[in-house]
Structure formats: C-alpha cells, structure tokens
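Participant: coordinates only, no sequence provided:
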C-alpha cells in the first residue's frame with residue numbers, strides 16, 4: 001500500500017536525509033528539490049525550473065513536508081532529473097542526489113521487461129551526459145541488493161565532478 005511504501009525504512013532514511021541537508025543550507029542561498037522516478041517533479045508544485053530562497057523558512061518547511069508525501073514507486077529515470085537540474089538558471093553549484101541504485105528507465109521508450117546490470121550502467125552513462133558542466137555531484141547511495149555496479153559508478157561520478165559519495 002502507499003502507506004507502507006512511505007513507512008519503509010529506506011524511504012524514511014531518504015526523507016531524514018532531505019531534512020538534514022535542508023537544515024544545513026546557508027540562509028543566504030537558494031535551493032530546489034526534485035522528486036524523481038519515471039518522471040521528475042519539483043516537490044513544491046509550480047516551482048519547476050525556479051530557485052527558492054532558503055531564507056523563506058515556511059517554504060523550505062513546506063518542501064520538506066512535500067517530500068514526506070511522495071510515494072516511492074516505479075523505476076528511476078536519472079537522465080530526466082539531470083536535465084531538470086541543467087535547466088536551472090543559473091546552474092546549480094552543487095547537486096545532492098539521494099538514490100538507491102542505478103537508473104532503470106531511459107528517456108527513450110522500450111518494450112524490455114528486464115533491465116540487466118549492463119543496461120543500468122548504460123542508462124547511467126547516458127544520464128551523466130545531461131549533467132550541468134562543472135557542478136559537483138554529491139551522492140547519498142542508500143542500500144539496495146542486486147545492484148553491484150552502483151557504488152563504483154556513483155563513486156566515480158563524485159570523483160570526476162569533485163563531489164562527495166556516501167553509502
């Protein structure tokens with residue numbers, strides 16, 4: 001059920017991570033929070049493509065509350081979330097990516113019913129092409145069994161972009 005999905009330990013860890021990161025943002029900075037699975041949406045409806053002010057604490061608290069209402073479901077399309085980040089103006093100076101593995105969906109429709117580990121790496125490589133230039137990617141990789149390539153791929157992405165990696 002949706003209630004069980006929201007209560008899942010891994011999802012609650014993701015929500016707590018968003019809460020912690022949002023509490024660490026400098027007051028004079030801006031942010032945007034996107035949720036993603038097969039689609040990408042700003043957690044605050046109507047704010048897609050816009051930076052929000054950390055100083056507006058009510059809005060920041062609303063964003064965190066909205067994250068709590070997300071129902072984790074479907075696969076993940078990492079390319080779309082990177083495209084959304086790249087579309088922000090000015091480009092982000094940091095991206096914090098909270099995920100549990102490599103992407104499972106492409107921007108191109110497919111009839112495939114099984115996504116192999118090799119295909120997931122291919123989808124990851126495709127998604128990286130959409131990243132904004134010179135933006136550090138900070139990855140928080142939550143545990144997922146059966147995705148052995150995820151740690152190495154995300155660690156390399158963090159290294160290449162001068163971001164950080166936590167698993």
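Facilitator: Looks like it came in fine. Everything numeric in this text was worked out from a predicted model, so none of it was measured. Residues are numbered from 1 along each chain as shown.
Participant: going forward, measure contacts between C-alpha atoms and count neighbours the same way
Facilitator: OK.
Participant: now the longest helix that the chain contains: mean pLDDT?
Facilitator: The longest helix of the chain (DSSP state H) is helix 9-24. Here helix 9-24 scores 95 as its mean pLDDT.
Participant: chain center to that helix: distance?
Facilitator: 12 Å (CA atoms, centre = their mean, to the nearest Å).
Participant: after it comes which helix or strand?
Facilitator: strand 30-31 (DSSP states H and E).
Participant: show me what the helix or strand that that next one is followed by packs onto, helices and strands only.
Facilitator: Later in the chain than strand 30-31, the nearest helix or strand by DSSP H and E is strand 34-36. Taking 3 or more CA pairs under 8 Å, 6 or more residues apart in numbering; DSSP states H and E as contact, the helices and strands that strand 34-36 lies on are strand 40-42, helix 78-86.
Participant: which residue is nearest the centroid of the chain?
Facilitator: Among the residues of the chain, the one closest to the centroid is residue 97, at 4.0 Å (CA atoms, centre = their mean).
Participant: can you list the residues that contact the longest helix of the chain?
Facilitator: 5-6, 60, 64, 67-68, 72, 98, 142-143 (CA atoms under 8 Å, 6 or more residues apart in numbering).
Participant: can we see that at 6 Å?
Facilitator: Applying CA atoms under 6 Å, 6 or more residues apart in numbering, helix 9-24 has no contact partners.
Participant: list the contacts for the residue nearest to the centre of the chain?
Facilitator: residue 139.
Participant: can you report phi and psi for it?
Facilitator: phi -110, psi 120 (degrees, to the nearest 10).
Participant: where do the strands sit along this structure?
Facilitator: 30-31, 34-36, 40-42, 52-53, 95-99, 137-141, 165-166 (DSSP state E).
Participant: highest mean neighbour count out of those strands?
Facilitator: strand 137-141 (a mean of 21; mean count of other CA atoms under 10 Å).
Participant: can you list the strands that that strand pairs with?
Facilitator: strand 95-99 (parallel), strand 165-166 (parallel) (DSSP bridges).
Participant: from residue 33, how far out is residue 47?
Facilitator: 9 Å (CA to CA, to the nearest Å).
Participant: okay, the two: which has more neighbours?
Facilitator: residue 33 (23 against 14; other CA atoms under 10 Å).
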